[in-house]
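>>> A predicted structure for the sequence below; I have some questions about it.
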Amino acid sequence: MNFKRIENQALSLLEKLRLNRIPVSVQEVAVKLGVDIKPYDLGQNVSGVLLIHEGKGTIGVNPNDSLVRQRFTIAHEIAHYVLHRQKTELFVDKQFSILFRSDNPSTAELRIEREANAYAAALLMPVKLLQKQIRSADFNLSDDKGIKKLAEKFQVSEIAMTYRLTNLNLF
Ligand SMILES: [Zn+2]
């Protein structure tokens, strides 16, 4: 699947659910998709899981992670639910970082994790809302404080925001 399509899919989901405002409520997205979210402590290496049982999705999120981390995890698991739930019934996400320091995953695995991260970023930082913020407010993106303020607006980590801005060529 190409990333342009993932971008459009995430955006149309937000529009359909009428949740395209910041900070995007990933909880509400899950609720409206009929997916439950539960705290799930599977050890410090696991950020989140998605379990599909008889078509019903349940997301488990590590309650010890920071709020922005938990939001990214939920968005990532929503992505697996939307894009990949036909493939398998259990997704376990270790401290998947957007940097992918994964221990040698297969190409197929890597691809679905990339797709899930791209979808999660598009869900949490919709391109139009991002452009609007950058235009309307005085975010100086050449300094760290500007990135920090923008990240706070969207309730994402600064690193996630930095990646997003880089991928969208918004610097
Ligand atoms: Zn994943």
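Happy to help now that I have it. Numbers count the residues shown, from 1 in each chain.

>>> For residue 154, report the pLDDT, please.
You'll see residue 154 listed with a pLDDT of 97.

>>> Just the element for the nearest residue to residue 40 once chain neighbours are set aside, please.
Leaving aside its sequence neighbours, residue 40 sits nearest to residue 60 (CB to CB, 6 or more residues apart in numbering; 2.7 Å). Where you see a C-beta, it was placed from the backbone N, CA and C, and this is true even at glycine. Residue 60 belongs to strand 56-61 when assigned by DSSP states H and E.

>>> which SS class is the closest residue to the ion within the chain?
Proximity of the chain to the ion (CB to the ion) peaks at residue 93, 4.1 Å away. Put simply, residue 93 is strand when judged by DSSP: H, G, I helix; E, B strand; the rest coil.

>>> In contact with it: list those residues for me.
Counting by CB atoms under 8 Å, 6 or more residues apart in numbering, residue 93 touches 46-49, 73, 76-77, 113.

>>> still on that earlier bit, which of the residues in the strand holding residue 60 are buried?
By neighbour count with 16 or more other CB atoms under 10 Å, strand 56-61 contains the buried residues 57-61.

>>> Show me what it is packed up against.
On a contact count with 3 or more CB pairs under 8 Å, 6 or more residues apart in numbering; DSSP states H and E, strand 56-61 meets strand 36-39, strand 46-53, helix 67-79.

>>> Now do the spatially most central residue of the chain against residue 136, distance only.
Residue closest to the mean C-alpha point of the chain, counted by CA atoms, centre = their mean, is residue 120 at 2.3 Å. To residue 136, residue 120 is 25 Å away according to CB to CB, to the nearest Å.

>>> Quick check: residues of the protein near the ion?
Within the chain, the residues that sit near the ion (CB under 5 Å from the ion) are 93, 113, 116.

>>> neighbours around the second one, how many?
Using other CB atoms under 10 Å, residue 113 has 21 other residues around it.

>>> tell me the SS of it?
helix.

>>> List every C-alpha atom in the helix or strand where residue 161 lies, with coordinates, as PDB.
Here residue 161 sits within helix 158-167, counting by DSSP H and E. Provided in PDB are the C-alpha atoms of helix 158-167 (Å, rounded to 0.1, in the frame of the first residue of the first chain):
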ATOM      1  CA  GLU A 158       8.500  16.200  19.800                       C
ATOM      2  CA  ILE A 159      10.300  13.400  18.000                       C
ATOM      3  CA  ALA A 160       7.000  12.300  16.300                       C
ATOM      4  CA  MET A 161       6.400  15.900  15.300                       C
ATOM      5  CA  THR A 162       9.900  16.300  13.900                       C
ATOM      6  CA  TYR A 163       9.500  13.200  11.800                       C
ATOM      7  CA  ARG A 164       6.100  14.200  10.600                       C
ATOM      8  CA  LEU A 165       7.300  17.700   9.500                       C
ATOM      9  CA  THR A 166      10.300  16.200   7.800                       C
ATOM     10  CA  ASN A 167       8.200  13.600   5.900                       C
END
